[in-house]
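Visitor: my questions concern the predicted model and sequence given below.
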Amino acid sequence: LAKTTQPISMDSYEGQEVNITCSHNNIATNDYITWYQQFPSQGPRFIIQGYKTKVTNEVASLFIPADRKSSTLSLPRVSLSDTAVYYCLVGASNTGGFKTIFGAGTRLFVKA
Amino acid sequence: NAGVTQTPKFQVLKTGQSMTLQCAQDMNHEYMSWYRQDPGMGLRLIHYSVGAGITDQGEVPNGYNVSRSTTEDFPLRLLSAAPSQTSVYFCASSYGGDSNQPQHFGDGTRLSIL
C-alpha cells in the first residue's frame, strides 16, 4: 500500500479555510484517496474520498491533481469543533486481503 | 441504527490476565477489523476478517486472537495481558473488502494493563 506523508500539526482561526496536503508519491492506478477525522476519545470518522480532480460534500472538498501524487483536504470556514486529527489514506482493492495503514495524521487546532 | 458498538469502554487488567473485547455491528458489513492506537500515534491493524469464519493477521497480531463466527460480531482476545498492550482499541467495519471502502469505527475500548 502506498505510504502517505502529512504535516504533523496545523493551527488556524475560526472562520478561515484550512487546507491539509497529503503526499502519496507511490499511489497505484486503482488507489483511491480517503480522509478521516478523529476527535479525542472517539474513533475515526470518514470525511471524504476521491480518485481524481475534485470531490465536494457537505463537510469538505478534496482536490487531486492530474498526477495524483498528492491531495489536499479543504475545510471551509473552520470552527472550534473542527479541532481534530485528520488522516489521509491511500488504498486499493487487494486480492490478498484487507490492510489499511493509518499514519500519525495531522493535528488541526482551531483557535477562537 | 447503532453502527459499531464496542464493549467495555474502559478496562483495567493485571499483567497475565486474559479478557475479551467485544465488537458488534448492525450494518451487515462483511469486513471487520481491530486496531490499536497508542498516545500521539495513528492506528495499527491487529487482525481483520473478510467474512464469517475467515480471519487474518494485520501489522501487530502478537498477543491477540480473534474469531468470526457471525457476520455481526468480531471479538478480540488478549491471551495474557502485558503492560505493552495498554492502548485504545478500535473496531471497524466496512461493506467491501478493499481499502477504498470507507470504514465505520466504534468509540473504542481504553485498556490499561498494570
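Guide: Thanks, I have the structure now.
Visitor: can you pull the contacts of the residue most central in space within chain B?
Guide: The centre of chain B sits closest to B:W34, judged by Cα atoms, centre = their mean, with a distance of 2.8 Å. Applying Cβ atoms under 8 Å, 6 or more residues apart in numbering or on different chains, one finds that B:W34 lies in contact with B:21, B:23, B:45-48, B:58, B:64, B:66, B:74, B:76, B:89-92. Placement of C-beta: from N, CA and C, glycine included.
Visitor: what subset of the residues you listed is also close to chain A?
Guide: On the criterion Cβ under 8 Å from any Cβ of the partner chain, B:L45, B:Y48, B:G58, B:F90, B:A92 are the entries of the contacts of B:W34 that sit beside chain A.
Visitor: surely the last one meets B:Q103?
Guide: Yes - at 4.2 Å, B:A92 and B:Q103 qualify as touching, with contact defined as Cβ atoms under 8 Å.
Visitor: which residues are in contact with both of the two?
Guide: B:S33.
Visitor: can I assume the residue nearest to the centre of chain B sits in a strand?
Guide: Yes - residue state for B:W34 (DSSP: H, G, I helix; E, B strand; the rest coil) corresponds to a strand.
Visitor: can you give me the distance of it to B:E59?
Guide: 11 Å (Cβ to Cβ, to the nearest Å).
Visitor: which residues do those two both contact?
Guide: Shared contacts of B:W34 and B:E59, counting by Cβ under 8 Å, 6+ apart, come down to B:L45, B:I46.
Visitor: any idea what the closest residue to chain B within chain A is bridged to?
Guide: Going by Cβ to the nearest Cβ, chain B is nearest to A:G91 of chain A, at 2.2 Å. Beta-bridge pairing for A:G91 (DSSP bridges): A:Y32.
Visitor: so it makes contact with A:A28?
Guide: No - with contact defined as Cβ under 8 Å, A:G91 does not reach A:A28; the gap is 9.2 Å.
Visitor: those two - which one has more neighbours?
Guide: A:G91 (22 against 13; other Cβ atoms under 10 Å in any protein chain shown).
Visitor: tell me, what's the model's pLDDT at the more buried one?
Guide: With respect to pLDDT, A:G91 scores 72.
Visitor: same question for A:L1.
Guide: Value for A:L1, per-residue pLDDT: 56.
Visitor: same check, this time on B:N1
Guide: 63.
Visitor: for the spatially closest residue to the residue nearest to the centre of chain B that is not a sequence neighbour, grab the count of nearby residues.
Guide: Leaving aside its sequence neighbours, B:W34 sits nearest to B:I46 (Cβ to Cβ, 6 or more residues apart in numbering or on different chains; 4.4 Å). For B:I46, the neighbour count with other Cβ under 10 Å is 23.
Visitor: how far away is B:I46 from chain A?
Guide: 11 Å (Cβ to the nearest Cβ, to the nearest Å).
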